[in-house]
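Engineer: only the shape, not the letters, is given here:
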C-alpha cells in the first residue's frame, strides 16, 4: 500500500494535495465533451458497378449545404461515369499557382489535393478557379473543417470533400478495373447509433458504482473516528501482530503513526470559486497551446489512472490474505513524496497498474486503444468519487452551479467573440487540427455501417460523470449517516442523473449542435434532492453536512492537546500511558479482525 508521509507541519498535507490534484482533474475533465456543431453535413459517395453481383462501394463525404446540397436519396441523385474522375495530384489551383489551361479539365470531375502547404489560398478560391474550366464537379481530399466562409464566391458545380484517407486511391483503382461503373452522391441516412447506449450504460454504471463505494468509505471513516474518540485515539502498533495482520491493518488504515484521512474534503465556497477560475484559465491556455499542454494532461491522466487501478483492485488482493498463502513482505522504500511498504502481491498489482497505463500511452492511436482507455477511465472515475468526498450540500450546489455557468459560457458564449466563431470548449475537446486528443473521455466506436462513422467515436467527457457523481456520493454518505433504510437520497439522485443524461443525448440528437451537458444534468440532479430534503425536513442537515462535525473535531483536538496529561506530567505517567496504549491498540486490532 502506498503510504504518504504525514509528519506534523509541512509534509502532513501531501495527501490533501493529492486530493486537490484529483479535484483539478475532475474539473479539467469538463474540457472533454461529446458534441460537434457545424455548418457542414455528412453524405455518401456510392459507386455502383455494372456487374450487379459486385457489391456497391460507399465513401464518406463532407459537404456544405450553402454551397451545394446533395440529393435527398438515391433515386434523386445524378449519376456520373467513373471515368470522368481526374486526379490533379499536387496541382496548385490558387490564383498565383500552376497553369490550369493545359490540364484538360472540361467535362471531368477533378480530385484536388488538400495539402494546404502547397498553396496559400482558401478552399473556395481553388474551387472558384477550377469551375471556370467547365468541370462537372469537384472533390477535395480531406476535411476542410466544419465552417468555411464562402460569402465572397459563387459556385455552380457540385463540391464535396473525401474524408477517408485512402478514398482517392480506391476510386482510381475502381476507375482502372471497372471503367463502366457509375457514382452518385446523396445525404447520409439518420441511423440510430447503438454506441450511444453503450456510453450511456457505462456512464450511469460508473456513477452508481463510484458513489456507492464513496458512501461506504465515508461512513467507515466516520465510524472509525468515533470509535477512536471513544477509546482514546491511541494507535501504537503491537509488535506481537504478525505479517498477515499487519498487512490488513495497513489496508484499513489502522497501523502506523500517520494521521487518518479526513471524512470529506475540507473546502469552502471561496476555494471552489478559485479552482473554477483556475480551470477557466487552463482551458484558455489549452485553446492557444494545445499542442504542448495535451501531453501534460496525458501524464496527469496516466499517474491518476495508475493509482486508481491500484486503489480499485487492492481490496480484491486483500481478500487473498484470508487464504493460507505465504506472506512475503518487501523492504521499505523511501521515495521523495511517499514511502512504499508493500507485500509481494501488492507490489505485483502496482506494477500491473503502471504497466497498463504505459501500454495505453504507447498504443493510444491504435484502433483497439479505446478499450483500454475506457477501462482506465472507469477506474479513474470510480476512484475520484471515492477520494473526493464533498462535505455538504452547500458545497455541492456551489460547485455544480459554477460549472453550470462555466459549461454554458464556453460552449455558447465564446463563439460570439472568438476568431472564426469557434467554441473554446469544442475546439479543445476535438483537439483543434492535431491528431491528439485529451484522454479524459469515454469513447466507443460508432456501431453503424455508415462509412462516415467507421473511424470515429462517440465521446463522453469524464466531467459529465464526475461532477454530478460528487453529488450522488454525498447523498449516499448522508443516507448512511442518518440511517435511511431505503437510501432515499441516493436512489433519487441516481434516477435524476439517468434522466438528465438521457435528456442530454436527446438534445444532441434533435439539435445536432454543441450542447453543454451540465445545462441538463445540474437541474435534473439538484432540484429533486432539494425537493425531497425539504419534504423530509432534513434540508438544513444536508446543507451543513460534515462541516459542523469537522469543526467540532478540530475544537476537540485543540482541547485534547491543551489538556494532555502526558505533556503536563510526562515523567510521572509515561509507563501508565504506554501500557494503556498497548491495551487499547490490541482491542482495536482484534475488533478489526472480527469485522
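Structural biologist: Received, thanks. None of the values given here were measured: they were computed from a predicted structure. Numbering: from 1, shown residues only.

Engineer: for the rest of this, base every contact and every neighbour count on C-alpha atoms.
Structural biologist: Will do.

Engineer: host element of residue 516?
Structural biologist: Under DSSP states H and E, no helix or strand contains residue 516.

Engineer: sec struct for residue 42, please.
Structural biologist: Three-state call for residue 42 (DSSP: H, G, I helix; E, B strand; the rest coil): strand.

Engineer: that one reaches residue 61, doesn't it?
Structural biologist: Yes: if you go by Cα atoms under 8 Å, residue 42 and residue 61 touch, sitting 5.7 Å apart.

Engineer: and for the two, which residues touch both?
Structural biologist: Both residue 42 and residue 61 are contacted by residue 452, under the criterion Cα atoms under 8 Å, 6 or more residues apart in numbering.

Engineer: so the two - more neighbours on which side?
Structural biologist: Taking residue 42 and residue 61 together and counting by other Cα atoms under 10 Å, residue 61 has the greater number of neighbours (28 against 20).

Engineer: so what sits opposite that one in the bridge?
Structural biologist: Going by DSSP bridges, residue 61 is paired in beta bridges with residue 43, residue 162.

Engineer: next: residue 334.
Structural biologist: Beta-bridge pairing for residue 334 (DSSP bridges): residue 339.

Engineer: burial count for it?
Structural biologist: Using other Cα under 10 Å, the number of residues around residue 334 comes to 11.

Engineer: what do you get for the one 5 residues further on?
Structural biologist: Burial of residue 339, expressed as a neighbour count using other Cα under 10 Å, amounts to 15.

Engineer: next one: residue 112
Structural biologist: By other Cα under 10 Å, neighbour count at residue 112 equals 24.

Engineer: any idea how far the closest residue to residue 261 other than its chain neighbours is from residue 227?
Structural biologist: Leaving aside its chain neighbours, residue 261 sits nearest to residue 221 (7.7 Å; criterion: Cα to Cα, 6 or more residues apart in numbering). Relative to residue 227, residue 221 is positioned 10 Å away (criterion: Cα to Cα, to the nearest Å).

Engineer: please name the nearest non-neighbouring residue to residue 57.
Structural biologist: residue 47 (5.2 Å).

Engineer: list the buried residues for the host helix or strand of residue 316?
Structural biologist: Using DSSP H and E, residue 316 maps to helix 290-319. For helix 290-319, a neighbour-count test (16 or more other Cα atoms under 10 Å) marks 290-291, 294, 297-298, 300-302, 304-311, 314, 318 as buried.

Engineer: what is that helix packed up against?
Structural biologist: Packing partners of helix 290-319 (3 or more Cα pairs under 8 Å, 6 or more residues apart in numbering; DSSP states H and E): helix 344-362, helix 369-387.

Engineer: before we move on, the earlier item: surely the residue nearest to residue 57 forms part of a strand?
Structural biologist: Yes: assignment of residue 47 by three-state DSSP places it within a strand.

Engineer: so what's it bridging to?
Structural biologist: Note on residue 47: beta-bridge partners by DSSP bridges are residue 57, residue 183.

Engineer: next SSE after the particular helix or strand that has residue 524 in it?
Structural biologist: For residue 524, the element it lies in under DSSP H and E is helix 518-536. Downstream of helix 518-536, the first helix or strand assigned by DSSP H and E is helix 539-544.

Engineer: buried ones in that following helix, by neighbour count?
Structural biologist: 539, 542-543.

Engineer: what does it contact?
Structural biologist: Residues outside helix 539-544 that contact it (Cα under 8 Å, 6+ apart): 391-394, 478, 530, 533.

Engineer: try it again at 7 Å.
Structural biologist: Helix 539-544 is contacted from outside by 392-394, 533, using Cα atoms under 7 Å, 6 or more residues apart in numbering.

Engineer: which one among these gets closest to residue 410?
Structural biologist: Distance to residue 410 across these (Cα to Cα) is lowest for residue 394, with 24.5 Å.

Engineer: now do the buried residues in the helix or strand where that closest one lies.
Structural biologist: Element membership of residue 394 [criterion: DSSP H and E] is helix 393-408. Buried residues in helix 393-408, counted by 16+ other Cα under 10 Å: 393-401, 403-404, 406-408.

Engineer: before we move on, back to that, elements contacting the helix holding residue 524?
Structural biologist: With contacts taken as 3 or more Cα pairs under 7 Å, 6 or more residues apart in numbering; DSSP states H and E, helix 518-536 sits against helix 393-408, helix 488-511.

Engineer: circling back to that earlier point, now do the contacts for the residue nearest to residue 57.
Structural biologist: Applying Cα under 7 Å, 6+ apart to residue 47 gives the contacts 56-58, 181-184.

Engineer: good, wrapping up.
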